[in-house]
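Enquirer: Quick one: sequence and predicted model below, then my questions.
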Amino acid sequence: MFDKLKSIFIEDDGTAKKDDPKANAKQQSAKSPTPNKTAPQQSTSQKPYTPPTSGQPDEKFVNMLLGAIEKNNVQGFDYLEYKQALQNLSSVQMDEGTRYKSAMAMATTMGATPAILQSSANLYLKVLNEEERKFLEAFQNQTNARVNAQNTEIQTLDKSIKEKTQRIEQLKAEIEAEKKKLEAKKTNINKAADKVTATKDGFYLAYNIVVNQIKQDLANIKKYL
């Protein structure tokens, strides 16, 4: 039944993404209940998501969605069997309306009615909507766990960088201030050294005058007395 479902919904042109066991394991992990922690979002606004309208679907998601339909398959001739009948008539040259009416004529012989077809089709839509809900919940959990956690780390690192940059600028300012202070100290010490030297010179000028006079007087005392 599953292969039949796949054949009536998916046209395989050989380019479909193959089912990856590792990817399936990740998908099952994503479905597991995880705490839905709300992490800070980045300030940059993200563009709204637009689903693709063309291309080959990933086989694991095809299997997941059709598997859900298969589990909820209504007994008897319903929309799925009608869909199969429509596909069987696709190779016959007729317009779309005639093809739908012809398939309905066959469905009537199996006890189906338009109301039964619509009811079962709506049931499968509800099944698929529930799968979408579960997928989006798992997707949000993965986003919170992987993307938003990274955003939090980015914000933390950004804050740390800004604080360190401010500290560096503060240190640069302190260094410049201390350089000026150092130059002032060097100028002051040179002035102080010159002043001390001048003081020493003044002392010895006076000292030598007095000492030399005393020595001269001693010499004269010895000579004349």
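Expert: Nice, thanks for sending it over. Numbering: from 1, shown residues only.
Enquirer: Check the offset of stretch 54-64 from the chain's centre.
Expert: Distance of stretch 54-64 from the chain centroid (Cα atoms, centre = their mean, to the nearest Å) equals 26 Å.
Enquirer: Just the CA coordinates for it, please, in PDB.
Expert: Extracted C-alpha coordinates of stretch 54-64, given in PDB (Å, rounded to 0.1, in the frame of the first residue of the first chain):
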ATOM      1  CA  SER A  54       9.400  23.200  -7.600                       C
ATOM      2  CA  GLY A  55      12.100  20.600  -7.400                       C
ATOM      3  CA  GLN A  56      12.400  17.000  -6.100                       C
ATOM      4  CA  PRO A  57      11.300  16.500  -2.400                       C
ATOM      5  CA  ASP A  58      13.500  14.800   0.100                       C
ATOM      6  CA  GLU A  59      12.600  11.100   0.200                       C
ATOM      7  CA  LYS A  60      12.600  10.900   4.000                       C
ATOM      8  CA  PHE A  61       9.900  13.600   4.300                       C
ATOM      9  CA  VAL A  62       7.900  11.900   1.500                       C
ATOM     10  CA  ASN A  63       8.000   8.600   3.400                       C
ATOM     11  CA  MET A  64       7.100  10.400   6.700                       C
END
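Enquirer: Flag every buried residue along that stretch.
Expert: 58, 59, 60, 62, 63, 64 (16 or more other Cβ atoms under 10 Å). All C-beta spots, glycine's among them, are computed from the backbone N, C-alpha and C.
Enquirer: Kindly report the same for stretch 123-142.
Expert: 123, 124, 127, 131, 135, 138, 141.
Enquirer: what helix or strand is the second one on?
Expert: Taking DSSP states H and E as the criterion, residue 124 maps to helix 114-142.
Enquirer: now for that helix, which elements pack on it?
Expert: helix 21-31, helix 59-71, helix 79-88, helix 96-109 (3 or more Cβ pairs under 8 Å, 6 or more residues apart in numbering; DSSP states H and E).
Enquirer: Could I get these in CSV, plus columns for distance to residue 199 and mean pLDDT?
Expert: Supplementary listing: those in CSV, determined by distance: least, Cβ to Cβ, whole Å; pLDDT from 0 to 100:
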stretch, distance to residue 199, mean pLDDT
helix 21-31, 87, 44
helix 59-71, 95, 88
helix 79-88, 114, 92
helix 96-109, 117, 94
